[in-house]
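[1] Using only what follows, build the 3D model:
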Amino acid sequence: MRRAVRSLLGLLLLVTLLAPAPSAAQAEGPTYFVQEGDTVSAIADRFGSTVDAIAQANGLADPSRIFPGMELVIPGFPGVSGVLETRSLAFGENLESLRVRYGIPTEALVRLNRVIDPERVHAGEEWVVAVADEHEGGGEFRPARPGRGLIQESAAAGVNPWQEAAFLEQPYRRWFVPGDSIVWPADAGPTLALPRPAIEIELEPTPVVQGRTAVLRLRLSEPAEVEAIWEGRPLAFHTIEDGSSVALQGIHALADPGLQDVELTLRMQDGRVVRYRQPVRVISGGYGSDPVLYVPAETLDPAFTGPEDEMIRSLLAQVTPERLWEGAFEAPSTGSYTSRFGSRRNYNNTGYLSYHSGLDFSGRTGVPILAPARGRVVFAGLLQVRGNTTFIDHGWGVFTGYLHQSEMLVEVGQIVETGDTIGLVGGTGRVTGPHLHWEVWVNGVAVDPIQWLEELFP
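    So this is what the prediction gives:
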């Protein structure tokens, strides 16, 4: 009898061991694929959950036993489905456009991403979204006309108001006010928070970098006057061959890492005005420091440097609407680089209070200086700090400068072509020896010339 009982207990134990484990992901919610190095504790902290809640939702008897590629349901997000992924926000996307594109309620997006200030969602920011194919490309934003409600706007656009109401988190609003945008259903394409007539907008690079040139591209669905301000500095848009509008902006080498505001205003021919603002993240350029440089004291005197700097800033703040250059710039000298753009400068051991605003080429006095691209000479003269100096306007707010020359071979107003000899290397002004100091300015800001040798703009 005892032997029979023991056999029965052994059989039951064997059946228990061989029985399939309870299936995970019984709870509803978005799913996350475990990555190398993940722990349930870290996953819970990332998505604002708890170890116990994730374990219960996924039937985990031992939360420590997870592995890369394992699928986990993240509880606490009712009505949200899809796979949780991290995506970088493009310029023109914000909390509202993400809600429409991925079909995720605003409250869930805020919780998933620990958002503190929804108004400061910036381009280049990494966001967690639940990706479900049926939700992507959900709609487009259009400016509302004051005094109209959902029914009137839907009728004017030929859209079913009930279908439109599904896109609104407040579907029963009786009217709209100036500045409002309405989300209309769309079959495909990116969902941007910038209302029509803007249908495409792109910022390169994202995030932007100290001392580099940024390019803002805008494509419109209908004619409109475009105005833009980047951290208080007006941008000038120019139409290129494919019909889009392009603006170039230099990022100052000493700009504080953080957020800068870009504001766009579109004025349509029927009188409607669309305004949009979004922060852009600025990151460090990683510039180093040069050794201490000893120069004549008078070349550091603010009585000389102040007026000279102001004259140059005023000259280079102009924007010529005609683009004179084509393709990448060519190097103005065959010498090697002796000091790169952005390096912090310490003159006469007074501290690292400034930066190098150009690219230095080695060379003895008399070596030819060549025009890197087609342009118009706007300055050729002797300055206290810069010595014999030439500046060339290449159009669209892009200028190049050539400092410390022994001789200048061009005159103001002259058109120069790529490869033309414009001057000779020298050692005039604030120098420690003969060399060419070459500068590139974009919309009133000195930028890294090497970028213009390596990349095509726009």
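
[2] lowest confidence element among the helices and strands of the chain?
    helix 2-18 (a mean of 43; mean pLDDT, DSSP states H and E).

[3] List the buried residues of the next helix or strand after that helix.
    Tracing the chain past helix 2-18, the next element assigned as helix or strand by DSSP states H and E is strand 31-33. Along strand 31-33, these residues count as buried under the neighbour rule (16 or more other C-beta atoms under 10 Å): residue 32. For glycine as for every other residue, the C-beta is placed from the backbone atoms N, C-alpha and C.

[4] now stretch 297-315
    Within stretch 297-315, the residues that qualify as buried are 299, 305, 308, 312, 315, counting by 16+ other C-beta under 10 Å.

[5] so which of those comes closest to residue 127?
    Of all these, the one sitting nearest residue 127 is residue 312; the distance, using C-beta to C-beta, is 41.4 Å.

[6] and the closest one, which of the three is it?
    helix (DSSP: H, G, I helix; E, B strand; the rest coil).

[7] For it, list the residues it contacts.
    With contacts defined as C-beta atoms under 8 Å, 6 or more residues apart in numbering, residue 312 is in contact with 386, 391, 401.

[8] out of those residues, who's nearest residue 243?
    Scanning the contacts of residue 312 for proximity to residue 243, where the rule is C-beta to C-beta, the winner is residue 391, at 31.9 Å.

[9] wouldn't that closest one be in contact with residue 379 here?
    Yes. Shown here, residue 391 and residue 379 form a contact pair, counting by C-beta atoms under 8 Å, at 4.2 Å.

[10] Between these two, which contacts overlap?
    With contacts defined as C-beta under 8 Å, 6+ apart, the residues adjacent to both residue 391 and residue 379 are residue 315.

[11] These two: which is more packed in?
    For residue 391 versus residue 379, neighbours defined as other C-beta atoms under 10 Å are more numerous around residue 391 (23 against 19).

[12] what about that one, which helix or strand?
    Using DSSP H and E, residue 391 falls within strand 387-395.

[13] Kindly report the same for residue 108.
    Counting by DSSP H and E, the element that carries residue 108 is helix 106-113.

[14] next structured bit after that helix?
    strand 126-131.

[15] Name every strand pairing with that next one and say which way it goes.
    Strand pairing for strand 126-131, using DSSP bridges, gives strand 83-88 (antiparallel).

[16] what residue is smack in the middle of the protein?
    Here the mean C-alpha position of the chain is nearest to the C-alpha of residue 206 (C-alpha atoms, centre = their mean), at a distance of 2.8 Å.

[17] what about that residue, is that helix, strand or coil?
    Using three-state DSSP, the secondary structure recorded for residue 206 is coil.

[18] export the buried residues of stretch 297-315 to a markdown table and tack on secondary structure?
    Written out in a markdown table, the entries for those read as follows (three-state DSSP):
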| residue | secondary structure |
| --- | --- |
| 299 | helix |
| 305 | helix |
| 308 | helix |
| 312 | helix |
| 315 | helix |
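
[19] JSON lines for those, including distance to residue 44 and pLDDT?
    Output for the buried residues of stretch 297-315, formatted as JSON lines (distance: C-beta to C-beta, whole Å; pLDDT from 0 to 100):
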{"residue": "299", "distance to residue 44": "61", "pLDDT": "87"}
{"residue": "305", "distance to residue 44": "57", "pLDDT": "92"}
{"residue": "308", "distance to residue 44": "60", "pLDDT": "96"}
{"residue": "312", "distance to residue 44": "56", "pLDDT": "97"}
{"residue": "315", "distance to residue 44": "58", "pLDDT": "97"}
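
[20] Of those, just say which sits nearest to residue 281.
    The shortest separation between residue 281 and any of the buried residues of stretch 297-315 is 29.1 Å, and it belongs to residue 312 (by C-beta to C-beta).

[21] ok, back up a step: need the residues that contact the helix holding residue 108.
    So helix 106-113 is contacted by 47-48, 76-77, 79-80, 84, 95-96, 98-99, 104, 115, 118, 127-130, 169 (C-beta under 8 Å, 6+ apart).

[22] Just the buried ones from those?
    Among those, those that count as buried by neighbour count (16+ other C-beta under 10 Å) are 47, 76-77, 80, 84, 95-96, 98-99, 104, 127-130.

[23] Dump those to TSV, plus pLDDT.
    TSV is the format used below for the buried ones among the contacts of helix 106-113 (pLDDT from 0 to 100):
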residue	pLDDT
47	90
76	90
77	91
80	89
84	94
95	86
96	82
98	87
99	83
104	87
127	91
128	92
129	92
130	91
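
[24] okay, the residues you listed in a markdown table with distance to residue 39 next?
    What follows is those, written out as a markdown table (distance: C-beta to C-beta, whole Å):
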| residue | distance to residue 39 |
| --- | --- |
| 47 | 13 |
| 76 | 18 |
| 77 | 20 |
| 80 | 23 |
| 84 | 16 |
| 95 | 29 |
| 96 | 34 |
| 98 | 28 |
| 99 | 30 |
| 104 | 25 |
| 127 | 22 |
| 128 | 17 |
| 129 | 23 |
| 130 | 21 |
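
[25] Now for the residue nearest to the centre of the chain: which residues touch it?
    Under the criterion of C-beta under 8 Å, 6+ apart, the neighbours of residue 206 are 88, 90, 91, 123, 124, 280, 281.

[26] where's it relative to residue 228, distance?
    16 Å (C-beta to C-beta, to the nearest Å).

[27] One more: residue 392?
    If you go by C-beta to C-beta, the gap between residue 392 and residue 228 works out to 25 Å.

[28] Show me which of those two is the more surrounded one.
    Of the pair residue 392 and residue 228, residue 392 is the one with more neighbours under other C-beta under 10 Å, namely 27 against 20.

[29] So what sits opposite the more buried one in the bridge?
    Here residue 392 sits in beta bridges with residue 377, residue 400, going by DSSP bridges.

[30] How about the contacts made by it?
    Residue 392 makes contacts with 371, 375, 376, 377, 378, 399, 400, 401, 402, 416, 422, as judged by C-beta under 8 Å, 6+ apart.

[31] sorry, back to before: closest to residue 455 among the buried ones among the contacts of helix 106-113?
    Taking C-beta to C-beta as the measure, residue 455 sits nearest to residue 127 out of these, at 27.6 Å.

[32] which stretch of helix or strand covers residue 53?
    helix 51-58.

[33] after that helix comes which helix or strand?
    Past helix 51-58, heading to the C-terminal end, the next element that is a helix or strand (DSSP H and E) is strand 71-73.

[34] so residue 326 makes contact with residue 374?
    Yes. Residue 326 lies in contact with residue 374 (C-beta under 8 Å); the separation is 7.2 Å.

[35] pretty sure residue 226 is touching residue 239, no?
    No. With the criterion set as C-beta under 8 Å, residue 226 and residue 239 do not qualify as a contacting pair; they are 9.9 Å apart.
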